[in-house]
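Chemist: build me a model:
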Amino acid sequence: MATIYEVAARAGVSAATVSRVFNGMNVSAEKSRLVRKAADELDFTPNRTARTLRKRNSEVLALVIPDIENPFFTSLARGVEDVAHEAGYSVVLCNSDGDRDKEAKYLDIAISEDMGGVIIAAADEHSDIGSLLKRGRPVVAVDRSPHGADIDAVTVDNRAGGRAATQALFEQGYSRVACITGPADVETAIQRADGWRIALAEAGADFDPGDYLIHADFRVDGGRDAMRSLLDGKNPPDSVFVANNLMSVGALQVLIERRQMPPAVGMASFGDLPFAALAPAGITVVHLPSRHLGVTAATMLLERIKGDKQPARTVVLRNTLSAPGASASPDDASGGLTFAS
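Modeler: Modelled structure (predicted):
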């Protein structure tokens, strides 16, 4: 009896395309002709092989992330893949570019290909996973959660990290600490800026936080543009908390260009700078457990696939902080690893 993979090989298409043809889904006329011709020649039985394909695809997980070029998400993906591989699953990596329309297409593919489950770092708070949940697909959010979604989630304590990083700058003697954070509709950007505001209030900062807060795009160019804007203002800050690693690279490039690199202008980064050779020792860094985020998310997803029905859980992993001449840690503010329902 011919298999779907033999038909696919003879027709010169993927097994998924063969499945689409015999399930009445949208396929070009030429590919449909080639598939049906190959099926006739091999005496292909659609129903049996379709069941085989569904079984194969149920052992595939989708990982949807907003920026595959960011080493943070690369490390996270490695954690997911390690756990999935050990359990006999494969992982399809989907890069949404923080675009909800692109993200939605990947989620539709996960449904149409009958994948076993999805791990998603949401593009923004408006990301829609309703179609997955209606079809009973297990979903785990990692790093960022779609707003209001009653699903398992794995994250770090963003507020505690932003607070501790900002506190470290005050402790180093800086007084005008600015903040470069991500888009205003992204959960992590909001929470990290909240931590910065908390630290300003605790330090009794005598300036309007709105004058020193810039929303950028979580990318290198966004960090560059924001840092230039701060330095070119009427009353430039003497230090800056940057809410992700890539924007930190851009901000640091500008400081180097203007010969104001730390400690001349203080800097704290939420996440390790990906180009360590360029990072001066004077930078404060919130270190994130990126790989362990992926490991934890994949473990939780596999538990759901195997039938775990307990209420949705949120797991918050610990950050650590390194600062010049200090030994502070966001763990002290967050209480460490926590679980919430």
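
Chemist: OK, contacts around R176?
Modeler: For R176, the contact set (CB atoms under 8 Å, 6 or more residues apart in numbering) comprises A205, F207, Y212, N235, P236, P237, D238, S239. Backbone N, C-alpha and C define where each C-beta goes, glycine included.

Chemist: from N70, how far off is the residue nearest in space to the middle of the chain?
Modeler: Centroid-nearest residue in the chain, with CA atoms, centre = their mean: A121, separated by 4.0 Å. A121 sits 10 Å away from N70, taking CB to CB, to the nearest Å as the criterion.

Chemist: go on, S14?
Modeler: For S14, the distance to N70 equals 29 Å [CB to CB].

Chemist: equivalent analysis for Y212, please.
Modeler: The value you get for Y212 to N70, if CB to CB is used, is 25 Å.

Chemist: between these two, which is the more surrounded one?
Modeler: When neighbours are counted by other CB atoms under 10 Å, Y212 comes out ahead of the other of Y212 and N70, with 23 against 20.

Chemist: what's the local residue count around the closest residue to the more buried one other than its chain neighbours?
Modeler: By the measure of CB to CB, 6 or more residues apart in numbering, the closest residue to Y212 outside its immediate chain neighbours is A178, 3.9 Å from it. Each residue near A178 was counted by other CB under 10 Å, and the total is 30.

Chemist: residues contacting A178?
Modeler: Y212, L213, I214, L230, P237, S239, V240, F241.

Chemist: just the element for it, please.
Modeler: Assessed by DSSP states H and E, A178 sits inside strand 177-181.

Chemist: other SSEs contacting the next helix or strand after that strand?
Modeler: Proceeding N to C from strand 177-181, the next assigned helix or strand is helix 187-203, under DSSP H and E. The contact analysis (3 or more CB pairs under 8 Å, 6 or more residues apart in numbering; DSSP states H and E) places helix 187-203 against helix 158-171, strand 177-181, strand 213-215.

Chemist: comparing these, which comes out most buried?
Modeler: Across those, the average number of neighbours (mean count of other CB atoms under 10 Å) peaks for strand 177-181, which reaches a mean of 29.

Chemist: what mean pLDDT does that strand have?
Modeler: Summarised as a single mean, pLDDT over strand 177-181 is 98.

Chemist: and it, how far out from the chain middle?
Modeler: Computed by CA atoms, centre = their mean, to the nearest Å, the separation of strand 177-181 from the middle of its chain amounts to 21 Å.

Chemist: show me what it pairs with in its sheet, parallel or antiparallel.
Modeler: Strand 177-181 pairs in its sheet with strand 213-215 (parallel), strand 239-242 (parallel), by DSSP bridges.

Chemist: so which of those strands is nearest V154?
Modeler: Judged by CB to CB, the one of those that comes nearest to V154 is strand 239-242, at 23.2 Å.

Chemist: need the residues that contact that closest one.
Modeler: Residues contacting strand 239-242 (CB under 8 Å, 6+ apart): 162, 165-166, 169, 172, 174, 176-180, 196, 223, 227, 230, 248, 251, 265-270.

Chemist: same check on stretch 221-234?
Modeler: Contact with stretch 221-234 is made by 178, 180, 211-212, 214, 216, 236-237, 240, 242, 246-255, 258, 260, 265, as judged by CB under 8 Å, 6+ apart.

Chemist: run the last query once more with 7 Å
Modeler: With CB atoms under 7 Å, 6 or more residues apart in numbering as the test, stretch 221-234 has contacts from 178, 180, 214, 216, 236-237, 240, 242, 246-251, 253-255, 258.

Chemist: shaky segments in the stretch 51-200 of the chain?
Modeler: When the per-residue scores of the stretch 51-200 of the chain are filtered using pLDDT under 70, the ranges that remain are 51-57.

Chemist: where along it do the strands fall?
Modeler: When secondary structure is read from DSSP state E, counting those that start in this stretch, the stretch 51-200 of the chain shows strands at 60-65, 90-95, 117-120, 139-142, 152-156, 177-181.

Chemist: out of these, which gets nearest to V315?
Modeler: Checked against CB to CB, the stretch from the strands of the stretch 51-200 of the chain lying closest is strand 152-156, at 4.8 Å.

Chemist: now do that closest one: which elements does it pack against?
Modeler: Under the contact definition 3 or more CB pairs under 7 Å, 6 or more residues apart in numbering; DSSP states H and E, strand 152-156 sits against strand 139-142, helix 290-305, strand 314-317.
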